[in-house]
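# Here's my sequence, what's the structure:
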Amino acid sequence: MQPLRRKAKESRNPGHQNTGYSYPVAEREYDLEIAEIDATLVSIEKVLNLPKLREDAKVLEEAAGVPNLWDDPEAAQKVTSKLSRVQSEIKRLVELRQRVEDLPILIELAQNESDDVALKDAERELESVKKAVGELEVQTLLNGEYDDRNALITIRSEAGGVEAADWAETLMRMYLRYCERHNYKVDVLETSYAEEAGIKSTTFRVEAPYAYGTLSVEQGTHRLVRISPFDSQSRRHTSFAGVEVVPVVEQSDHIEIDEKEIRVDVYRSSGPGGQGVNTTDSAVRITHIPTGIVVSCQNERSQIQNRATAMAVLQSKLLERRRHEEQAKMNALKGDNSGSWGNQMRSYVLHPYQMVKDLRTDHETGNTAAVLNGEIDDFIEAGIRWRRSSAGSVD
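Numbers count the residues shown, from 1 in each chain. Got it, this is the predicted structure:
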């Protein structure tokens, strides 16, 4: 078979349109691109071990088909959720493998028919497959105990007054748009609005495969530098907002909470500017007295539902606290005395120049508008790779 290449064409340089001089467009070697994609997918298939995944699925399907499965709801939930994850991984791998194998056929057909439109379509599919394989490659790095879980994200305004509250709301919008772009399901559990502008805090749940593993690299302090829209003298201000990411608990986690160790307060839900959005005291705030952790929920109209949701959030935060304590003990044994990587993790500068820079990975971009609109995939990928390499250096 002849090598799959896009023929070089003559193209006028926009800056020299009146010179009559044409510049050659570089020849694109499709076969080399496809071979690289295929090699990456092969390595992913080895890491994920497709034959074992199929064996696991068969065993789990048999377990899920047991007539008395739901006599033990906790065990049933564990089996069915694991089966769903395994089947999803198998489907994703099989579909990607088929798309990779179809690429040379699509391109060869378009070239043989000299169909520019079909060739453009094939090139778009090539780029789409390349991106999908790259995303799956990053997912193979997510092998932590809770990485495949859903995520709970809490954003709080920190130093900076009204600027920080506005910045916290901007970050909330950034993450919600990121989730929207990826078709992740989001459920906003609670939002506490600031008096003048912005928010004091918000908590929302993200439901997607590997949501926690993916978004956990966003945890830490986010710093903003800009000309303040709230300053009549248009001075430059620096403000901070904190992002916390924890895994959603499952029934099998066994996070026990003594009722004597919590204080439950009920209050009326409110919206921006104190406008009432509920006529009953249905919102719930739970304080875990031993740790000082406070969680709230106001998205449901029933106090009972809000209390149940708030308890689930508290369990997630206690689970993450336990994980951090265990990790701290391991780090102490390894002699790791470094501080948390989460603090001061990213800087967003809107004046006097435009730049977003991750202080851990050194990944940066000048397209601040795109980042604040939710296009943070490159930062997340760099963070995942950085975390994996850092963990490897500790081991």
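# alpha carbons only for contacts and neighbour counts from here, please
Noted.
# Could I get the average pLDDT for stretch 202-218?
The average pLDDT within stretch 202-218 is 92.
# Same question for stretch 90-105.
Taken as a whole, stretch 90-105 has an average pLDDT of 93.
# Any idea what residue 188 is bridged to?
In this entry, residue 188 is beta-bridged to residue 204, by DSSP bridges.
# distance of it from residue 156?
Distance, residue 188 to residue 156, using CA to CA, to the nearest Å: 14 Å.
# what's the strand with the most length in the chain packed up against?
Counting by DSSP state E, the longest strand found in the chain is strand 236-247. The contact analysis (3 or more CA pairs under 8 Å, 6 or more residues apart in numbering; DSSP states H and E) places strand 236-247 against strand 151-157, helix 162-181, helix 211-215, strand 220-227, helix 303-334.
# So for residue 188 and residue 156, which sits in the more crowded spot?
residue 156 (24 against 16; other CA atoms under 10 Å).
# Read off the pLDDT value for that one.
Looking at residue 156, its pLDDT stands at 93.
# Please, which helix or strand holds residue 94?
Element membership for residue 94, per DSSP states H and E: helix 73-112.
# Now do that helix: distance to the chain's middle.
Per CA atoms, centre = their mean, to the nearest Å, the displacement of helix 73-112 from the mean C-alpha position of its chain is 20 Å.
# Can you list the buried residues in that helix?
For helix 73-112, the neighbour count (16 or more other CA atoms under 10 Å) marks 76-77, 79-80, 83, 86-87, 89-90, 93, 96-97, 100, 103-104, 106-108, 110-111 as buried.
# tell me the domain boundaries of this structure?
Structural domains assigned to the chain are 28-139, 151-332+342-394, following automatic domain parsing.
# Any buried residues in stretch 241-251, and which?
Neighbour counts over stretch 241-251 (16+ other CA under 10 Å) mark 241-250 as buried.
# sorry, that was for stretch 66-73
Neighbour-count burial for stretch 66-73 flags residue 69 (criterion: 16+ other CA under 10 Å).
# quick check: mean pLDDT across it?
Stretch 66-73 shows a mean pLDDT of 88.
# Just the C-alpha atoms of that stretch, please, in PDB.
Extracted as PDB, the C-alpha positions of stretch 66-73 are listed here (Å, rounded to 0.1, in the frame of the first residue of the first chain):
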ATOM      1  CA  VAL A  66     -27.900 -13.700  41.400                       C
ATOM      2  CA  PRO A  67     -31.600 -13.700  42.300                       C
ATOM      3  CA  ASN A  68     -31.100 -12.600  45.900                       C
ATOM      4  CA  LEU A  69     -28.500 -10.000  45.100                       C
ATOM      5  CA  TRP A  70     -30.400  -7.100  46.600                       C
ATOM      6  CA  ASP A  71     -30.900  -8.900  49.900                       C
ATOM      7  CA  ASP A  72     -27.700  -7.100  50.800                       C
ATOM      8  CA  PRO A  73     -28.100  -3.600  49.200                       C
END
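# Appreciated, that's everything.
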